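> Okay, sequence plus prediction incoming.
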Amino acid sequence: MKLRSRLFGLYVLFVGLYAVMLLIAPPPRIAMDRYNLTINQLHLLELTIIIPMAIIWFIAFYGYSKLRAYTDLIKDSKDGKQINRIATGVLILTIGTPFTTVASSIMTVISQDMPNFRPTSLIIRHYLDILVPLLAFILISGGARGLHDLTKHRPPQYVINAVAGIFIVIGVTYCWVILNAHNFNAAYFLPEWLVLTTIVIPYMYTWYLGMMSAYQVHAYSLKVPGIVYRRNWNLFAAGIAAIIVASIIYQYAATLTRQFSSLRLIPLLCIVYSLLALISVGYILVALGAKKLQKIEEV
Amino acid sequence: METIRVSTSLFDKVVEITYNYLGPAAERFVARQVRNHLHKEPESLSKQDLRSLIDWIRLAMAFLSDDDQLVNAYIASLRELVGDTKETVRARTKKSR
């Protein structure tokens, strides 16, 4: 109950701050001109961002609270220790996502009044954006690997090949898109070598950890003994995998927002909302799975 | 996954059977049933406690799974520990219904 009320307090703080920042921010003239928006239409659009965002964050906080409640019951056991690491990683994602969004909107407001702060704010945002998923996925992958090791099964060669293949395709296209951006300097305010070594490489490492974690959690759900336990784990594993995969796609898309700026508003919003919805579905599955697993530990 | 366990006590035997249904949660589940319902430490579980333990496990499993066939198979395996044959287990199940 204490954890739930603390999480709820944090959630209210994030939503409140985000709403205030959107309301006090001066209207983005460039975007208004590009999409032919009046000030009222802009406020309406902001509302269509705040409300789904608030719902998605709420689902994430709720999903995490269920996961933590389950983890607390089994934290001293072999599988519990690994699930605890996954839960801590999920906590970083759960809190980190609204934190970076709110921090970004605060810095946007500051840089409207202080144009000299804009490059610094952009650099901070880039590093915040990478730091949160990197920390989260390091913990999640540690837990996922630990669980996978409990099954004493090695990933088949075709899985290793598939992960390597997907990773190479994502990595090469990502580098190509970043380095060929016509507004590279305005987007990063950093030299190319620094962007490659401190932003692109950490992102790729994060996504590699994420992909491996999604596979390992899924493999655990196939191999873990216990017919009843496995059925409940399937929901949980599907949720964790959905959160990881959607987070990777979301980060990939978010770092390329400038490349997407040529898109029309509706398709752009559809892409963002569908990715956020997928993350929410992940959290719902985690909550349902954790609730069922918790029952096993309580009856 | 490695499923072979070395059984040293009755508790271990119950856990070994439960492992096929509740996997890593098996030991915690059985220990909890013994402590909460029989008010004993799991290591001191005796053959006289088994029937009562199995009844509690059946009740608990009703909350965890809707699959009657699965629960019956699990309970039947546990009853074999008491020395009940499959026929007597079936007869007792019919009687209890």
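That came through fine.
> Who are the packing partners of the helix or strand harbouring A:Ala87?
Following DSSP states H and E, one finds A:Ala87 within helix A:78-113. If you count contacts as 3 or more Cβ pairs under 8 Å, 6 or more residues apart in numbering or on different chains; DSSP states H and E, helix A:78-113 packs onto helix A:2-24, helix A:39-74, helix A:118-150, helix A:227-255. All C-beta spots, glycine's among them, are computed from the backbone N, C-alpha and C.
> What parts of the stretch 1-150 of chain A come near chain B?
By Cβ under 8 Å from any Cβ of the partner chain, the residues of the stretch 1-150 of chain A that approach chain B are A:Ile74, A:Ser77, A:Lys78, A:Asp79, A:Leu150.
> actually the stretch 151-299 of chain A, not the one I wrote
Selection of the stretch 151-299 of chain A residues close to chain B by Cβ under 8 Å from any Cβ yields A:151-153, A:223-231, A:293, A:295-297, A:299.
> From these, list the buried ones, please.
Using 16 or more other Cβ atoms under 10 Å in any protein chain shown as the burial test, those include A:151, A:223-226, A:228-231, A:293, A:296-297, A:299 as buried.
> tell me which of those residues is nearest to chain B?
In terms of Cβ to the nearest Cβ, no member of these lies closer to chain B than A:Gly226, at 2.3 Å.
> Touching, the closest one and B:Gly23? I think so.
Yes. At 2.3 Å, A:Gly226 counts as touching B:Gly23 under the criterion of Cβ atoms under 8 Å.
> still on that earlier bit, in the helix holding A:Ala87, which residues are buried?
Buried residues in helix A:78-113, counted by 16+ other Cβ under 10 Å: A:79-80, A:82-109, A:111.
> Check stretch A:186-193 too.
For stretch A:186-193, the buried set under the neighbour-count rule, 16+ other Cβ under 10 Å, comprises A:Ala187, A:Tyr188, A:Leu190.
> likewise stretch A:4-22?
Along stretch A:4-22, these residues count as buried under the neighbour rule (16+ other Cβ under 10 Å): A:Leu7, A:Leu10, A:Tyr11, A:Phe14, A:Val15, A:Leu17, A:Tyr18, A:Ala19, A:Met21, A:Leu22.
> Double-check the first one against A:Phe61; I have them as touching.
Yes. The criterion here is Cβ under 8 Å, and A:Leu7 meets it with A:Phe61 at 4.9 Å.
> about what we covered before: what's the closest of the residues of the stretch 1-150 of chain A next to chain B to chain B?
Comparing these against chain B with Cβ to the nearest Cβ places A:Asp79 closest, at 4.3 Å.
> Not counting residues beside it along the chain, what's closest to the closest one?
Leaving aside its sequence neighbours, A:Asp79 sits nearest to B:Pro24 (Cβ to Cβ, 6 or more residues apart in numbering or on different chains; 4.3 Å).
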